[in-house]
Every structure is written in C-alpha cells, then in structure tokens.
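1. coords please:
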Amino acid sequence: MQLPHAEMAIVPLEKITGYLLNDAHPEGGGKAIFFQRYGFRLDEPHVLQAELRRLAREIDVRESGFGYGLKYVGVGALNCPDGRRARIMTVWVLRSGQPPPFFVTAYPVLTEVR
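-> Next up, the predicted model:
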C-alpha cells in the first residue's frame, strides 16, 4: 500500500539537522556517518528533507497500529548528492490516525542500489 496522504508528508528540519545528519547525536551518529558518506551535508539539510518527502510519495509501506496512531514502514532508494542511490527504511506516523504523515526515522538497509 502507499503511504496515506503522502503528498502532505512532513519531515521536520530538526529531524535532519539534529538527528540524521548530526554525527554527535548519541543515537543518530551512525546514521549521520551513513548519510554523509553519500554526500548529504548538515549545511544543506533541505536536500535530504526533499528526498525523504519524495520517498514518502513513492514507497510501498506496511501499516500497524500503536498507542499514538498508525505507523507506516517502507523501504526505498534515495537519490544521493554524490550520484549513488542508497536503500533505506523509513518510518512514518499518522498521529491519532489523522493526516498528515510525520517522518519518524530512517535506517540504512543496503549500502548501494544500482
């Protein structure tokens, strides 16, 4: 299934700058190293933000319920600034089951997609 209301997906800039591209973050530091290896940069967070929004519109997701609404998990390939494609898993939520979908996190799945 497609992410419901994907065209409205919200990727907070602070998730990018404070977490996914912050190599000093205690939990996100490893993710930052991964994303930076593919050319994403802390001083250009909108590049990763735009790619995550694009993925929201294109990936197939699995839905599950949890205490705060509906959770959606899907895998897709980022178009990276260095010209490669990186496969990641993304997690989105619909708070109380209502739009818009909010980005929660992303994890590397494979190092490269050809």
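
2. distance check, the residue lying farthest from the centre of the chain against residue 106.
-> If you look at how far each residue of the chain sits from its centre, by C-alpha atoms, centre = their mean, the farthest one is residue 67, at 21.3 Å. Distance check for residue 67 against residue 106: by C-beta to C-beta, to the nearest Å, it reads 22 Å. From N, CA and C alone the C-beta is placed, and that goes for glycine too.

3. beyond the longest helix that the chain contains, next helix or strand please.
-> Taking residue count as the measure and DSSP state H as the definition, the longest helix of the chain comes out as helix 45-58. Once helix 45-58 ends, the next helix or strand along the chain (criterion: DSSP states H and E) is strand 61-66.

4. now do the helix or strand following that following strand against strand 61-66, angle only.
-> Beyond strand 61-66 on the C-terminal side, the first helix or strand identified by DSSP H and E is strand 69-79. Here strand 69-79 runs at an angle of 150 degrees relative to strand 61-66 (axes from the mean of the first three to the mean of the last three C-alpha atoms, to 10 degrees).

5. direction included, what does strand 69-79 pair against?
-> Strand partners for strand 69-79, identified by DSSP bridges, are recorded as strand 61-66 (antiparallel), strand 85-95 (antiparallel).

6. for that strand, the distance to its chain's centre please.
-> For strand 69-79, the distance between its averaged C-alpha position and the chain's averaged C-alpha position is 7 Å (C-alpha atoms, centre = their mean, to the nearest Å).

7. and it, which residues are buried?
-> Using 16 or more other C-beta atoms under 10 Å as the burial criterion, the residues of strand 69-79 that qualify are 70, 71, 72, 73, 74, 75, 76, 77, 78.

8. what helices or strands is the longest helix of the chain leaning on?
-> Where contact means 3 or more C-beta pairs under 8 Å, 6 or more residues apart in numbering; DSSP states H and E, helix 45-58 is packed against helix 13-15, strand 69-79, strand 85-95, strand 101-113.

9. please consider this matter closed, and thank you.
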